[in-house]
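>>> Below: sequence and its predicted model.
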Amino acid sequence: MSIIKFAECCTRRKIGFLGTVPTGADDIFRARGYECVSLDKAPSPGDNVLWELDCLILIQNADEPKRISEELQTYAPLLLPRDGRIYILPASQEGSIGLQFRQHIIAAIDEHRIPNSGLSSSNRKRFEEWDDGPNFEPFGPFAHVFNLPPPFDWDQIANVIRSNSASAAPPLPAPSISATKSNEEKIVLYDEATCLLQRAFDNCLEVDLVAVSNGLSGIGTFKTYVKPRIDRLGQNWPYVYFVKLGERRTIATEYRKYKENAMDHVPYHLGPRLRQDRCALGHKLGVIVTDYVHTAESLRDCARDGRAGAAIGNLFSHTLRNWRGSAKKEEIDIREHLKEVVEITVPPHRIHLIKNFGANKSHLELRELLLRIESKPTLMGVIHNDLHATNVLVRANDAIIIDFEKLKDSGPLLLDVASLEAGLFVDGFIGDNRDPLKLLASIDSMYTLKALDWKFPKFNVSDKSAWFFESTRLIRMHAREMERANRQYALVLAAVLLKKSCNKEDFDELDKVSKSAKVITREQARALAYVLAEKIILSLTESAVSKEVK
């Protein structure tokens, strides 16, 4: 149990009702320190009453049972971002009519995507496309549906509310929030995002977010400078955090993964520290806050300078040691997990580039060939599942992993290793001034069956691809220890390269690439990854056919 501070349970004193406060409710709530207030109309987003409300109690009207949908649509976007709760009392619980009333509530929750509790797991299954997760206890704030028949037991309702009270509102003046892109262009933050950040940094006066643009998940990531209300250092010095702002479901999922698999199993100095006191969820958005990893650089940048050797060793021997140590060999064909990796297809805008670089097989043909190759058993355990070259940070010789959004409790350990090698390829050669085909030729020897059978080719240390040879050799040394079937790593690497080549973004459009550019672009790197995947798959297929003939 954590150290707790003794304090009164309720920090906000107002309980809202639409229309008249029900008879008997006022006295019961007053006895617990609350004040019941009647809301005749929806407050505006700037109205202070929204921060004063602990919750809003919606009583379904038996004559207009579908009106609950309009009420949720109006009040959920106002209350939930401010950590206010919503409690719903069905008009009836009796027989078929009670079931109909409840179905109207469930339909309204689904239509407006309201985080919820109080419903059965079978009802919550209906929400699995957008909910925090029907198999998990819901995170607050939410709309809670009571299973109580009228006349309502206000004592019981008041006890539930007091036990799940909203957090304190940010003190006045509320923190000022500003956000800019890396080029200093201003970012407009809407009401929900502003409320979440004010809750996350309620003990601060100023919060300045600067966008970090190297992620592809669709989540806003920011290096964040804050000025505290009380500076205990005795000087006006900004604290720095890393902030993720995105869809509530995604943020809630990553928060769980931080707590369950990262905080207890990744050494404290080799992963960013989650600031649980600053994480917050709202209606459709959520925010995760971690300490910023100072004086660190990405593994990609470190590798390109030829300084990644110690960090790669540290990554597999120390950072991922607990995940790796708990892994078990299972009689699972690794193809069962590769199906998911290669299920997406090449976006149309990249196909011509792939053909120009020499690929001959379609994505469907390569997928079918790859999934014909049996490979078991498999070493299974916790995997990061997105271990690319910018999700590993290097500080001195330490390898620090970040971004646990896609973490899996069970997966092939080789997926992480292959993702790192493939990530170094698609990110590491961006900006290289060689012709794409010459670049491909310079690393071709690393993608022969001989090299994938752990017989590493010699390379010229003065070659511009020497850094990639050295980093890949070190990565594959660890892959060899995790391989449980012949050429299993080659199979996984081909699948991951194929997946990298299928990223749907049009990077030339995104990066505003000039047609006269004479360097390797992100779009070209993704197309080259397809060529390497094809080379490996065809080599593996020919080898398998040759063995069958013999």
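Yep, that arrived.
>>> Point to the residue nearest the middle of this structure.
Glu405 (3.0 Å; CA atoms, centre = their mean).
>>> Excluding residues flanking it in the chain, which one is nearest that one?
Nearest residue to Glu405, sequence neighbours excluded (CB to CB, 6 or more residues apart in numbering): Glu254, at 4.4 Å. (Each C-beta comes from the backbone N, C-alpha and C, glycine too.)
>>> if we can go back for a sec, to which secondary structure element type does the residue nearest to the centre of the chain belong?
Here Glu405 is recorded as coil under DSSP: H, G, I helix; E, B strand; the rest coil.
>>> And for Glu129?
Once three-state DSSP is applied, Glu129 turns out coil.
>>> And for the one 10 residues further on?
The three-state assignment at Phe139 reads coil, by three-state DSSP.
>>> Return the residues in contact with it.
Pro115, Asp132, Ala252, Tyr255, Leu281 (CB atoms under 8 Å, 6 or more residues apart in numbering).
>>> What does the fourth one show for phi and psi?
Reported as degrees, to the nearest 10, the phi and psi values for Tyr255 are phi -60, psi -40.
>>> Spit out the contact partners of it.
Tyr255 neighbours (CB under 8 Å, 6+ apart): Phe139, Leu274, Cys279, Gly286, Ile288.
>>> Restricted to strands, list these.
Among those, the ones falling in strands (DSSP state E) are Gly286, Ile288.
>>> Which one of the contacts of Tyr255 is nearest to Arg67?
Closest approach to Arg67 among those (CB to CB): Phe139, at 27.5 Å.
>>> quick one on the thing from earlier: among the contacts of Phe139, which are in strands?
Leu281.
>>> Would you point out the most distant pair within the contacts of Phe139?
By the measure CB to CB, Pro115 and Tyr255 form the most distant pair in the contacts of Phe139, at 13.4 Å.
>>> thinking again about what came up before, quick one: which of the contacts of Phe139 is nearest Glu505?
Distance to Glu505 across the contacts of Phe139 (CB to CB) is lowest for Ala252, with 25.2 Å.
>>> I'd guessed that closest one sits against Gly286; true?
Yes: with contact defined as CB atoms under 8 Å, Ala252 reaches Gly286; the gap is 6.0 Å.
>>> Please, which helix or strand holds Val382?
strand 378-383 (DSSP states H and E).
>>> Need the contact partners of the helix or strand just after that strand.
Next helix or strand after strand 378-383 toward the C-terminus (DSSP H and E): strand 392-395. Residues from elsewhere that reach strand 392-395 (CB under 8 Å, 6+ apart): 293-299, 302, 307-308, 311, 315, 399-402, 420.
>>> Got a PyMOL select line for the buried ones in those?
Buried subset of these, written as a PyMOL selection, criterion 16 or more other CB atoms under 10 Å:
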select buried, resi 293+296+298+299+302+307+308+311+315+399+400+401+402+420
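>>> Take the contacts of strand 392-395 and keep only those in strands.
Checked against DSSP E, these include these in strands: Glu297, Ser298, Ala399, Ile400, Ile401.
>>> Could I get the contacts of Phe139 in CSV, plus columns for pLDDT and distance to Lys355?
Formatted as CSV, the contacts of Phe139 follow (pLDDT from 0 to 100; distance: CB to CB, whole Å):
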residue, pLDDT, distance to Lys355
Pro115, 94, 47
Asp132, 75, 43
Ala252, 92, 42
Tyr255, 92, 43
Leu281, 96, 46
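>>> from the contacts of Phe139, which is closest to Leu245?
Leu281 (11.4 Å).
>>> check contacts around that closest one.
So Leu281 contacts Pro115, Phe139, Gly140, Pro141, Leu196, Arg248, Ile251, Ala252, Val287 (CB under 8 Å, 6+ apart).
>>> again, only this time at 10 Å
For Leu281, the contacting residues are 80-81, 83, 115, 132, 138-142, 196, 199, 248-249, 251-252, 255, 287-288, by CB atoms under 10 Å, 6 or more residues apart in numbering.
>>> Burial check on the closest residue in space to Lys504 that isn't next to it in sequence, number of neighbours?
Computed as CB to CB, 6+ apart, the closest residue to Lys504 that is not its neighbour in sequence is Pro347, at 5.0 Å. Burial of Pro347 is recorded as 14 neighbouring residues (other CB atoms under 10 Å).
>>> Just the mean pLDDT for stretch 429-446, thanks.
Averaging pLDDT along stretch 429-446 gives 95.
>>> Please state the offset of that stretch from the chain centre?
32 Å (CA atoms, centre = their mean, to the nearest Å).
>>> now do stretch 115-127
Put simply, stretch 115-127 sits 22 Å off its chain's centre (CA atoms, centre = their mean).
>>> Restricting to C-alpha, output it in CSV.
Extracted in CSV, the C-alpha atoms of stretch 115-127 (Å, rounded to 0.1, in the frame of the first residue of the first chain):
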residue,chain,number,x,y,z
PRO,A,115,-16.3,5.6,-20.7
ASN,A,116,-18.5,3.5,-18.4
SER,A,117,-18.9,1.2,-15.4
GLY,A,118,-21.7,-0.7,-13.8
LEU,A,119,-22.6,-2.7,-16.9
SER,A,120,-22.1,-6.5,-17.3
SER,A,121,-19.1,-7.8,-19.2
SER,A,122,-21.5,-9.0,-21.9
ASN,A,123,-22.9,-5.5,-22.3
ARG,A,124,-19.4,-4.0,-22.4
LYS,A,125,-18.4,-6.4,-25.2
ARG,A,126,-20.5,-4.2,-27.4
PHE,A,127,-18.0,-1.4,-26.8
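>>> buried stuff in that stretch?
So stretch 115-127, judged by 16+ other CB under 10 Å, has buried residues Pro115, Asn116, Ser117, Gly118, Leu119, Asn123, Arg124, Phe127.
>>> Return the two entries of the residues you listed that lie farthest from one another.
Counting by CB to CB, the most remote pair of the buried residues of stretch 115-127 is Pro115 and Asn123, 13.9 Å apart.
>>> Can you work out which residues contact both of these two?
Shared contacts of Pro115 and Asn123, defined by CB under 10 Å, 6+ apart, comprise Ile109.
>>> quick one: terminal-to-terminal distance for stretch 131-150?
29 Å (CA to CA, to the nearest Å).
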